[in-house]
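In: got a predicted structure plus its sequence, pasted below:
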Amino acid sequence: MSEFELIARYLARPVASGRDDIVVGNGDDCAVVTPTPNHQLAVSVDTSLADVHFPGDAPAAAIGHRALAVALSDLAAMGARARWCTVALTLPGADPEWTAAFADGLAALADRVGCAWVGGDVTRGALSITVTVQGELPVGGAIVRGGARPGQLVAVTGYPGRAAAGLDRWQRGERELGHPLLEAYLRPEPRLAAGEALRGIATSAIDLSDGLLADLGHVLNASGVGARLELEALPLATPLRATLDLTVVHELALHGGDDYELLVTLDDADLAEAQRRLAGLHLPLTVIGRVVDTPGIHGLPAALLERGGWDHFSANGSAGVSRSAT
């Protein structure tokens with residue numbers, strides 16, 4: 001099968017009906033879209049490499065879902081609504097069955113969140129997926145990393161640590177795809193609706209891709225502040241509590257990464273409203289600490305602060321998905 005046959009049969013997905021924002025979609029040299037008046041564009045790009053960002057032997061549909069989800073998560077952290085995406089796919093060979101499943105997994109998530117797949121590229125080489133996403137938000141409405149202020153609360157959505165535990169299970173040979181921990185790793189849920197709901201309430205935000213402490217550090221550095229966390233306040237998922245030692249669970253929650261939950265700062269007076277908005281999404285928002293003047297992260301045992309987050313060019317980033325979640 002040629003490159004163009006592969007694109008035409010599996011990757012050139014038709015745009016959903018009713019999308020008058022798309023002037024030219026798949027099949028031309030460029031996509032042409034019409035942004036919503038009085039809105040700003042949020043643009044992000046994310047590359048996923050086999051055996052670095054995902055197991056090369058994972059189901060193709062899960063790989064497609066995951067490649068889009070991790071890119072969309074950046075839009076969620078800014079409070080943006082997902083609108084369009086393009087996909088650059090590098091394949092070792094023309095494998096119609098794999099490509100069809102990959103495209104189905106990616107397209108299913110795109111359709112569910114209203115993100116039109118408007119184009120991309122295919123080439124031959126080691127398996128790699130680069131997804132560019134574009135979102136919209138009202139002028140001046142972006143939630144940025146640099147807005148944390150001393151005295152504010154630090155809060156997180158969901159249950160960090162589940163994805164790292166799922167990766168560990170995969171590496172140990174478990175293939176029960178319906179298991180909640182494996183699902184958390186292979187099919188993360190970008191918190192787009194939560195990001196929009198927290199717009200105007202959260203003063204800073206970041207998605208948890210490299211580990212809670214590492215990503216919190218980015219917010220603190222951008223804001224010129226520190227944070228004091230409460231270990232006992234961490235929201236811990238039942239499957240973690242039921243099967244792992246508490247020390248291991250804490251390490252997973254603080255350093256595991258790949259959760260794509262949102263970590264935010266907000267004022268005390270806004271907490272109840274923020275939790276009410278997320279309750280409608282069946283998503284908890286848990287306070288885990290407070291912003292302080294003194295730079296750095298405080299209040300945790302030294303042993304939990306020593307390990308760094310994910311970094312492709314440091315020792316813990318060299319082995320990709322072969323890193324141990326424990």
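Out: All right, it came through fine.

In: just give the number of residues close to residue 226.
Out: Residue 226: 20 surrounding residues under other Cβ atoms under 10 Å. Quick note: C-beta positions are derived from backbone N, CA and C, even for glycine.

In: would you map the helices across the stretch 51-200 of the chain?
Out: Remark: helices assigned in the stretch 51-200 of the chain by DSSP state H, counting those that start in this stretch are 60-78, 96-113, 162-171, 180-186, 192-198.

In: now distance to residue 138, mean pLDDT and mean neighbour count too, for those, in a markdown table please.
Out: Converted to a markdown table, the helices of the stretch 51-200 of the chain look like this (distance: least, Cβ to Cβ, whole Å; pLDDT from 0 to 100; neighbours: other Cβ atoms under 10 Å):
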| stretch | distance to residue 138 | mean pLDDT | mean neighbour count |
| --- | --- | --- | --- |
| helix 60-78 | 12 | 98 | 25 |
| helix 96-113 | 19 | 96 | 19 |
| helix 162-171 | 31 | 95 | 24 |
| helix 180-186 | 31 | 96 | 22 |
| helix 192-198 | 10 | 98 | 24 |
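
In: reformat these into CSV and put distance to residue 89 next to each item.
Out: CSV is the format used below for those (distance: least, Cβ to Cβ, whole Å):
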stretch, distance to residue 89
helix 60-78, 9
helix 96-113, 8
helix 162-171, 22
helix 180-186, 18
helix 192-198, 23
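
In: right, and the ones you listed - which one's nearest residue 284?
Out: For the helices of the stretch 51-200 of the chain, proximity to residue 284 was assessed by Cβ to Cβ; helix 192-198 is nearest, at 10.4 Å.

In: gap between that closest one and the chain center?
Out: Helix 192-198 sits 13 Å away from the centroid of its parent chain (Cα atoms, centre = their mean, to the nearest Å).

In: same question for stretch 97-107.
Out: With Cα atoms, centre = their mean, you get 20 Å for stretch 97-107.

In: buried residues, stretch 36-43. List them.
Out: 39, 40, 42 (16 or more other Cβ atoms under 10 Å).

In: nearest spatial neighbour of residue 9, skipping sequence neighbours?
Out: Closest residue in space to residue 9, ignoring its immediate chain neighbours: residue 96 at 7.3 Å, by Cβ to Cβ, 6 or more residues apart in numbering.

In: surely that neighbour and residue 11 touch.
Out: No - judged on Cβ atoms under 8 Å, residue 96 makes no contact with residue 11 at a distance of 11.1 Å.

In: can you give me the strands in the stretch 1-150 of the chain?
Out: Residue ranges of the strands in the stretch 1-150 of the chain, as given by DSSP state E, counting those that start in this stretch, are 22-24, 32-33, 39-49, 81-91, 116-124, 128-138.

In: just the angle between the fourth one and strand 128-138, please?
Out: In terms of direction (axes from the mean of the first three to the mean of the last three Cα atoms, to 10 degrees), strand 81-91 departs from strand 128-138 by 170 degrees.

In: great, nothing more from me.
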